[in-house]
Every structure is written in C-alpha cells, then in structure tokens.
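Asks: sequence plus predicted model, see below.
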Amino acid sequence: MHEFNEPFFTAWQLVAGADARLGDIVLLSLRVSLAATLIACVAGMPIGALLAVGRFPGRRVLIVLFNGLMGLPPVVVGLLVYLLLSRAGPLGRFGLLFSPTAMVIAQAVLVTPIVTALTRQVIADEWTEYREQLRSLGASRTRAAATLLWDGRFSLSTAALAGFGRAIAEVGAVMIVGGNIDGVTRVMTTTIALETSKGDLPLALALGLILISLVLAINAVAYALRGWAQRHWG
Amino acid sequence: MSTPAWLAVDRLSLTEGGTRIIDGVSLQLGAQRTVVLGPNGAGKSTLLRLIHNLLHPSSGELRWARVLSQAMVFQRPVMLRTTALANVIYGLKLKGFTATESARRAQQALLRVGLEQLAKRPARLLSGGEQQRVALARAWALEPELLILDEPSASLDPASTREVERTINAIAASGTRILMTTHNLGQARRLAEEIVFIDGGCIAEQTPVAEFFQSPRTSAAKRFLEEETP
C-alpha cells in the first residue's frame, strides 16, 4: 500500500512546491493548446456559420467531411504535419519541425474540424429560429452568419472549449512534430507518456493531476459563464 | 374598389410536398388596412410570406403598382441577444443608415411604442408583449410603405394586445399600409377596413369590414364566424 501511495505524495510535493520544471511544462502546454484553439476558432467558426446558413454546391459534402474529421486520430495528424514540415517537405525550408510552432500547427489542424462542426450545429439551430426575421430585414446570408456568430457567442464557448479540451489532452500529434525535447517541446501529455515508461511515476502523476484539474476548472468557468449569459441576455 | 390597387395577386399558387397550400389566388389589394381571416391551415400565413417574398410561388405572380418598401412582424418576436435599442438599430443598419442616424431613429421608434424606458434592457428578458412592441418598433423605424403582420398578438394577454393594436393604429395613421392576419375577430373588426376571407388556399371573399361581420357573402365565412364567435 505504501508503494502505491508514495507517488501521489511526491506528486503533491511537486505541485505544492511549484516545481520549476513542472511549471515550464504546464506553461508550454497551455501556450501551445491555447494558440491552436485560437487559430481553430478564427478559422472554424466562420466556416461553421457559413455551412449552417449558406447555400452553395458541395455544402452537404463539407458538412459530412467536417463531422467525420472530428474523430481524426492525433497520430495521423502528427504524421501529416511531420511530412509537411520535414526537411524534404513542402514547408521544410522554414525549419519548424520539433518546435512549439509545429505543435501549434498540428493541434490547430486537429481541432479546427471539431470547432467547425460544433459551430455549424449551434448556428444551424439559431438559423431555424432567426431565418425569416433576418431575411425580412434584408440580411444577406454572409451578414446573417456574422449576426448569428455574435448572437450565439455564449453557446459557442462550448465549441471552443471542446476544441481546447481535445488539444490539451492529445499526445500523438505533439509527440511526432514536437519530438518531446526536454525544455523545448515537452508538454504535459508527452511528459506523462515518457516518465511513465521510464518509471518516474511522481512527475507523471503530478502532471496528470494538473491536467485533470485544469480541464475541470475551465469547464466550470464555461458553465458559470453560460449560466450568467442566460440570466443576463436570455 | 374605390381606391386603386397597390398590389394585384394573379393566380398565385404554392405547392409543397404535393399539397397545394395556396391554390390559384387572385386578389386586388387597395385598402389601407386589410385583415386576412380564415380557419387554421387555410394558407393565411403562407399568403403573407409569398407577398413578403419569404416564399416563392410555384406559379402565378405578384404585380405591384410600384415597388413598396416592406417590413414584417411575426407571431413570435425574434430578438437578438442584445438590448432592445440595439435590436431596433440592427434593422436600420441593414437598410444602410449610418450609426448615428440609426440610433436616433431607433430611439424615436421605441418612444413611439412607449418603451423608451426599456431601451437598454436585454431584449430577450422582456415580457412577450414588450418584445412584440420592440419588434413593431424595429419594423416602424424602417418607415415601410407596407407593414405585414402575422398574428401579432396571438400569444399575448389582453393588455399587451391593446398596446399592439394601439401601435398598429399609429403606424397606419402615419401612412403605412397594413396587411395582417389574426384569430381575434374583435381585433379584425377594430383594425380592418377590408376583410379577405381565405379557405383551403383559395380566396372565398373580399368584403368591407362592416359588411363582412354583418352579412358575409359566402357560406364558408358564415360558418367561420359562427364557430369563432363565443
């Protein structure tokens, strides 16, 4: 029993003592995943809104495609981005492989379909309610999409959150394009994978605890925000 | 018809999924205030949506004496998640008014429907009656030549209904043509100059309001009045 408890105890000491190595890893994780989520929202939300209200050839195919890509395996995304960024690849001359930028790119690719598909769902629901009124007022479809994006801003926080949750929790993509280099591209998930295989359970556990707390905390904030928005704006 | 028609509806039909919702409607609209009456599912709302260009007819056409600027108020007011004032401003901005002009007109419109004190309140948290008056203000601010209303007080209490009717009267008095549906016969009597009675997607009769309620020309209208009158 003692042996089972010990890693937890050491993990707690690392967290409580604000271990510097731990801090760096957590910060890099946050930076990479937040940047990736931001890019995914900027790209995915307008696309999702246009898929919801637009009428153009290929719309249905795109909807099915984005819904399908929600389940994209991170290692496959990692591999594709690796091929793009590797020395011989089309973007090889920028020398981005094994850098945090490469990790941001990979996670953005992974998360954009999630944000897009969830946004489309939210906006499509709004569109059924607003459609006639917006058309009556003379809003073009592009304008309607923009209006609904703003009007659905609180519901859309869920889409952003789902994207962030996916990004911060995945291992495969950042492992391949980041390389898990100590002090440079090592994030929470890759460290957990490495330390566990090396047998250093305390650090892995400490990171695991932080990761779970972080995800729970962000969800709690988002839940509170939606509740506030519901009371304040209806 | 003493007044010349501003809209001639010519053999208008709409078929959806094999059902004829509007079935060869021909109609001359010339009155300033017209109320469309008819049983549920007669095609009243559909006819208004065709005239407002929200739906496209399967056949037939609308011939306007000249193109009229339009606005429409729906049964359930649709409010954006912003203030009452910003909801009115939104419609004005879409019509190309500048920000300052939109704000000025919107404030004036809310004043006219008696909601100026609620201008800064979140629109979706207002009561149903207040929301419908914001919707009326949003339509009125555009100063349309034709205002179409689809059962504007269907889900409102008597006090809100009176306010809505007062506003519709004021809009009509400012020169706007009114074309509306209602289930409230008292309301039709109070607001209409002319009644268009529609049954099964066809126009049954078009009669001045006093005559319609005293002695409707068709048996369908007679039956409808007997059933609807408590």
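Replies: Great, that's in hand.
Asks: show me the contacts for whatever residue of chain B ends up closest to chain A.
Replies: Residue nearest to chain A within chain B: B:Arg124 (2.8 Å; Cβ to the nearest Cβ). Every C-beta, even on glycine, is put in place using the N, C-alpha and C of the backbone. B:Arg124 makes contacts with A:Trp233, A:Gly234, B:Met79, B:Arg81, B:Gln131, as judged by Cβ atoms under 8 Å, 6 or more residues apart in numbering or on different chains.
Asks: what about the strands in chain B?
Replies: Using DSSP state E, the strands of chain B run over B:7-16, B:19-29, B:33-37, B:59-64, B:70-73, B:146-150, B:177-181, B:194-199, B:202-208.
Asks: and stretch B:86-101 with chain A, contact?
Replies: Yes: shown here: stretch B:86-101 in contact with chain A (Cβ under 8 Å from any Cβ of the partner chain) through B:Tyr90, B:Gly91, B:Leu94, B:Lys95.
Asks: among those, which one has the most neighbours?
Replies: Within these, most neighbours by other Cβ atoms under 10 Å in any protein chain shown means B:Gly91, with 27 neighbours.
Asks: now the residue nearest the centre of chain B: closest residue in space, sequence neighbours ignored.
Replies: Closest residue to the average C-alpha location of chain B: B:Leu149 at 1.6 Å, with Cα atoms, centre = their mean. In this structure, B:Leu149 finds its nearest non-sequential neighbour in B:Met180, 3.8 Å apart by Cβ to Cβ, 6 or more residues apart in numbering or on different chains.
Asks: what of B:Ala31?
Replies: In this structure, B:Ala31 finds its nearest non-sequential neighbour in B:Glu194, 3.9 Å apart by Cβ to Cβ, 6+ apart.
Asks: in chain A, which residue sits closest to chain B?
Replies: Residue nearest to chain B within chain A (Cβ to the nearest Cβ): A:Gly234, separated by 2.8 Å.
Asks: dihedrals phi and psi, the nearest residue to B:Pro122 once chain neighbours are set aside?
Replies: Once flanking residues are discounted, B:Pro122 sits nearest to A:Trp233: 4.9 Å by Cβ to Cβ, 6+ apart. According to degrees, to the nearest 10, the main-chain angles of A:Trp233 amount to phi -120, psi -10.
Asks: what is the neighbour count of A:Trp233?
Replies: By other Cβ under 10 Å, the residues close to A:Trp233 number 18.
Asks: for A:Leu161, see how far away it is.
Replies: From A:Trp233 across to A:Leu161, the span is 19 Å (Cβ to Cβ, to the nearest Å).
Asks: which secondary structure elements does the helix or strand hosting A:Asp24 contact?
Replies: According to DSSP states H and E, A:Asp24 maps onto helix A:20-53. Contact partners of helix A:20-53 among helices and strands, from 3 or more Cβ pairs under 8 Å, 6 or more residues apart in numbering or on different chains; DSSP states H and E: helix A:59-69, helix A:100-136, helix A:141-151, helix A:153-169, helix A:188-198, helix A:201-233.
Asks: circling back to that earlier point, most neighbours, which of the contacts of B:Arg124?
Replies: Using other Cβ under 10 Å as the neighbour criterion, B:Met79 leads the contacts of B:Arg124 with 27 neighbours.
Asks: go ahead and confirm it touches B:Ala86.
Replies: No: at 9.9 Å, B:Met79 does not count as touching B:Ala86 under the criterion of Cβ atoms under 8 Å.
Asks: mind listing the shared neighbours of those two?
Replies: Counting by Cβ under 8 Å, 6+ apart, the residues touching both B:Met79 and B:Ala86 are B:Ala123.
Asks: what about B:Glu227, neighbour count?
Replies: B:Glu227: 8 surrounding residues under other Cβ under 10 Å.
Asks: how near is it to B:Leu185?
Replies: To B:Leu185, B:Glu227 is 11 Å away according to Cβ to Cβ.
Asks: so where's the chain uncertain?
Replies: No chain was given, so I picked chain A. Chain A contains residues with pLDDT under 70 at A:1-3.
Asks: nope, chain B
Replies: Using pLDDT under 70, chain B drops low at B:1-2.
Asks: show me what the longest helix anywhere in chain B is packed up against.
Replies: The helix that spans the most residues within chain B, counting by DSSP state H, is helix B:158-173. Applying 3+ Cβ pairs under 8 Å, 6+ apart, we find helix B:158-173 packed against helix B:128-141, strand B:146-150, strand B:177-181, helix B:185-191.
Asks: which of the ones you listed sits most buried?
Replies: Burial of the helices and strands packed on helix B:158-173 is given as mean neighbour count (mean count of other Cβ atoms under 10 Å in any protein chain shown); helix B:128-141 ranks first at a mean of 25.
Asks: CA atoms only: put that one into PDB for me.
Replies: In PDB, the C-alpha atoms belonging to helix B:128-141 read as follows (Å, rounded to 0.1, in the frame of the first residue of the first chain):
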ATOM      1  CA  GLY B 128     -43.800  38.700 -24.600                       C
ATOM      2  CA  GLY B 129     -45.900  41.800 -25.100                       C
ATOM      3  CA  GLU B 130     -42.900  44.100 -24.700                       C
ATOM      4  CA  GLN B 131     -40.800  42.000 -27.100                       C
ATOM      5  CA  GLN B 132     -43.600  42.200 -29.700                       C
ATOM      6  CA  ARG B 133     -43.600  46.000 -29.300                       C
ATOM      7  CA  VAL B 134     -39.900  46.100 -29.800                       C
ATOM      8  CA  ALA B 135     -40.500  44.100 -33.000                       C
ATOM      9  CA  LEU B 136     -43.100  46.700 -34.000                       C
ATOM     10  CA  ALA B 137     -40.600  49.500 -33.300                       C
ATOM     11  CA  ARG B 138     -38.000  47.700 -35.300                       C
ATOM     12  CA  ALA B 139     -40.400  47.500 -38.200                       C
ATOM     13  CA  TRP B 140     -41.800  51.000 -37.800                       C
ATOM     14  CA  ALA B 141     -38.300  52.500 -37.600                       C
END
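Asks: circling back: need the helices and strands packed on helix B:158-173 in a markdown table (columns: distance to B:Pro208).
Replies: What follows is the helices and strands packed on helix B:158-173, written out as a markdown table (distance: least, Cβ to Cβ, whole Å):
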| stretch | distance to B:Pro208 |
| --- | --- |
| helix B:128-141 | 26 |
| strand B:146-150 | 20 |
| strand B:177-181 | 15 |
| helix B:185-191 | 12 |
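Asks: burial of A:Ala43, as a residue count?
Replies: A:Ala43 has 15 neighbouring residues, counting by other Cβ under 10 Å.
Asks: swap in B:Gly43?
Replies: Neighbourhood size, B:Gly43 [other Cβ under 10 Å]: 24.
Asks: list the contacts for it?
Replies: The contact partners of B:Gly43, taken as Cβ under 8 Å, 6+ apart, are B:Leu14, B:Ile21, B:Ile22, B:Asp23, B:Val25, B:Ile198, B:Gly200, B:Gly201.
Asks: not counting sequence-adjacent ones, nearest residue to it?
Replies: Setting aside the residues directly before and after it, B:Gly43 is nearest to B:Gly201 in space (Cβ to Cβ, 6+ apart), at 4.3 Å.
Asks: pull the number of nearby residues for the one you found.
Replies: Using other Cβ under 10 Å, B:Gly201 has 23 neighbouring residues.
Asks: for A:Thr142, which non-adjacent residue is spatially closest?
Replies: In space, A:Thr142 is closest to A:Leu50, 7.4 Å off (Cβ to Cβ, 6+ apart).
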